[in-house]
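> below is the sequence, then the predicted model.
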Amino acid sequence: EELHPAAQWQLATQTHILIGVTGAALAWTAFLPKGGVVLDIFPPNSNFCNEGWNRNPVSHYGGLARLAGVQHCCMIHPAELQGLPPAAASGDSKDDPLHDMDSLADVAHRTRQEVRERLGGFWHGQDVR
């Protein structure tokens with residue numbers, strides 16, 4: 001976002017693995033080195049991703065990857081947002097667990113722990129940290 005487009009292009013030409021939430025930034029797939037890999041992450045309940053390697057040859061980024069000579073994999077992220085904690089939703093900042101950085105780090109840690117415990121990891125049962 002803050003990098004000049006020419007600098008972004010240069011980074012893309014040197015990137016072997018591009019990972020991102022499906023969207024315009026994945027258009028840099030066109031400039032990955034031959035044999036590179038793009039991981040296209042979709043939100044829960046998406047109907048636009050047939051999960052697996054090179055299984056979306058006519059999707060936006062699957063097709064672009066095919067034309068660019070790189071591998072494409074799309075996957076649906078299993079975790080859904082749960083919304084703000086009750087205190088944060090009420091606007092009462094003294095009870096807001098996100099009020100200070102220590103609490104924010106604690107919330108992030110508890111969230112990662114919950115995803116691991118409930119889903120067995122972040123990506124479809126793989127224990128990725």
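Perfect, thanks for sending it. Residues are numbered from 1 along each chain as shown.

> from residue 2, how far off is the nearest residue to residue 59 once chain neighbours are set aside?
The shortest distance from residue 59 to any non-neighbouring residue, by CB to CB, 6 or more residues apart in numbering, is to residue 48 (6.6 Å). Yep, even glycine has a C-beta here, placed from its N, CA and C like the rest. Note on residue 48: its distance to residue 2, by CB to CB, to the nearest Å, is 29 Å.

> then residue 42?
With CB to CB as the criterion, residue 42 and residue 2 are 26 Å apart.

> so which residues of this protein form helices?
Taking DSSP state H to define them, one finds helices in the chain at 5-13, 60-68, 86-90, 101-119.

> mean pLDDT lowest for which of those?
Mean pLDDT is lowest for helix 86-90 among the helices of the chain, at a mean of 53.

> thinking again about what came up before, the more surrounded of residue 42 and residue 2?
Shown here are residue 42 and residue 2; by other CB atoms under 10 Å, residue 42 has more neighbours (17 against 5).

> bridged to that one, which residues?
Legend: beta-bridge partners of residue 42 under DSSP bridges are residue 76.

> does it touch residue 74 like I think?
Yes. Contact criterion CB atoms under 8 Å: residue 42 and residue 74 qualify, at 6.0 Å.

> find residues that contact each of the two.
Taking CB atoms under 8 Å, 6 or more residues apart in numbering as the contact definition, residue 42 and residue 74 share the neighbouring residues 22, 49.

> quick check: buried residues in stretch 39-52?
Judged by neighbour count using 16 or more other CB atoms under 10 Å, the buried positions of stretch 39-52 are 39-42, 49.

> would you format those residues as JSON lines with distance to residue 6 and pLDDT included?
As requested, the buried residues of stretch 39-52 are exported to JSON lines (distance: CB to CB, whole Å; pLDDT from 0 to 100):
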{"residue": "39", "distance to residue 6": "25", "pLDDT": "93"}
{"residue": "40", "distance to residue 6": "24", "pLDDT": "92"}
{"residue": "41", "distance to residue 6": "26", "pLDDT": "90"}
{"residue": "42", "distance to residue 6": "29", "pLDDT": "86"}
{"residue": "49", "distance to residue 6": "31", "pLDDT": "85"}
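
> need these in TSV with distance to residue 26, can you?
Shown next, in TSV, are the buried residues of stretch 39-52 (distance: CB to CB, whole Å):
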residue	distance to residue 26
39	9
40	6
41	9
42	11
49	13
